[in-house]
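1. with the input below, show me the fold.
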Amino acid sequence: MGFPGTWMTESESVVYRVVPKCACSTIGQIMFYSDHGRFFDGDIHDATAGMHKWSMEASQPLIEDNVKAHTSFAFTCVRNPYARILSSFFDKIAGIQRNGKRYRGNLVPQLVQKYGIDVGSPDNGFEFDQIASFRRFLLFARDTIRWRRPMEPDIHWSAMAGHVSTFIVNGGRYNRIFFTERFNDGMQQVLDQIETPVKVDLKAIPRFNESEGHGPKRAHDVSAYFDDLSRHLIWEIYKKDFQLFKYDFDNPDNKYPIAEIDLDEVHAKLGD
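-> Below you'll find the predicted structure:
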C-alpha cells in the first residue's frame, strides 16, 4: 500500500500527509517555496516536479525510505468535521471546478436524479435551498462511506482518520498534527523544527484556496445545516475524527478544538 497522499520536499526537510480540505494547497506551496524560493505557478496538486509525491513513481522509494526510517519531521493538518463536509459540498458539489466543469463529470447530475439535490447554476446566481440540498448530499456521503454505493467514497469527504491512518499503518510516525483553525501557530511550530534551504516568513505567505470563487457562498451559520438527523449521520461518519482530533460535536458553530491532540493516542488507535 505504501504512503498514498504523502508529499516530501526535494531537500527532504519535511514530510507531509495530505488531508483534503485541510489547507493542503497552502501547505504544499509553503513546502515548494521552502526549497525553491518561489511558489509553484498553478495548483500545487498539479505539480509533477520540484517536489516528491507518492503519486509520482520516481518519488516512491525516496518517500518510503525516509518515512520508514523516520528521517524527516513528519506532520499533517486536520479540520473541524462540520466545516470540512460543508466546504466539500460548496466546493465539489455546488461549485464549478477550475476547468469550468462540474466535479467528476456526471456526479452532480447523478445526485440530482437519485437524491433530489438542487445546486443551482452560475446562470441563476447559484440560487437554491442550501440547507435542504446539503442534508441530501450528507445522505449520499454517508451511503458512499458506509456501503460504497452508489460509488466509492470521495477523498474530500471521507474521514480524516482514514487519511491519517495509512501513514501510521505502513510504518510512519507523525511528529505533529495541527489544526487548520490555528494554521499560523501550527505551521510555524513545524517550520521551527526543520531546516529549509529557503527561510519561510509565514506572515508573508498568501493563502492558496484553489476552490474559492467557483461557486456559491455559504449563506447560514454552520449549525443551520445540521438538524438532529444530520448530526446523527455526522457522528456515524466522523466519530473518530471528533474523538481523536478533539473537535466539539455538541456545538457545530464552535469551529475550534476543545483540547490538544494526543499523538500517542492517535498512533495507538489508528495504527491497528
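2. shaky segments in the protein?
-> 210-214 (pLDDT under 70).
3. what ranges do the strands span in it?
-> Ranges of strands in the chain, per DSSP state E, are 6-8, 14-17, 52-53, 73-78, 176-179.
4. is it possible to get JSON lines of these that adds distance to R146?
-> Yep, even glycine has a C-beta here, placed from its N, CA and C like the rest. Formatted as JSON lines, the strands of the chain follow (distance: least, Cβ to Cβ, whole Å):
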{"stretch": "strand 6-8", "distance to R146": "27"}
{"stretch": "strand 14-17", "distance to R146": "24"}
{"stretch": "strand 52-53", "distance to R146": "30"}
{"stretch": "strand 73-78", "distance to R146": "22"}
{"stretch": "strand 176-179", "distance to R146": "26"}
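5. looking at these, which is nearest to N254?
-> strand 176-179 (12.5 Å; Cβ to Cβ).
6. partner strands of the closest one, with direction?
-> Using DSSP bridges, the strands paired with strand 176-179 are strand 73-78 (parallel).
7. contact partners of the partner strand?
-> For strand 73-78, contacts defined as Cβ atoms under 8 Å, 6 or more residues apart in numbering pick out 13-19, 22-24, 27, 67, 160, 163-164, 167, 172-180, 183, 186-187, 190, 193-194, 241, 245, 261.
8. in stretch 60-74, what counts as buried?
-> Q60, I63, E64, N66, V67, S72, F73, A74 (16 or more other Cβ atoms under 10 Å).
9. nearest residue to V119 in space, please, no chain neighbours.
-> In space, and not counting its chain neighbours, V119 is closest to A94: 4.3 Å by Cβ to Cβ, 6 or more residues apart in numbering.
10. relative to L244, how far out is that neighbour?
-> The gap separating A94 from L244 is 29 Å, by Cβ to Cβ, to the nearest Å.
11. how about E181, what does it touch?
-> Applying Cβ under 8 Å, 6+ apart to E181 gives the contacts R79, N80, K255, Y256, P257.
12. which two of the residues you listed have the greatest separation?
-> Spanning the widest gap among the contacts of E181 are R79 and Y256, at 11.0 Å by Cβ to Cβ.
13. compare these two (neighbour count), which wins?
-> Taking neighbours as other Cβ atoms under 10 Å, R79 and Y256 compare with R79 leading, 24 against 12.
14. ok, that one - contacts?
-> R79 neighbours (Cβ under 8 Å, 6+ apart): V19, K21, C22, A23, M160, F179, T180, E181.
15. noted, bye for now.
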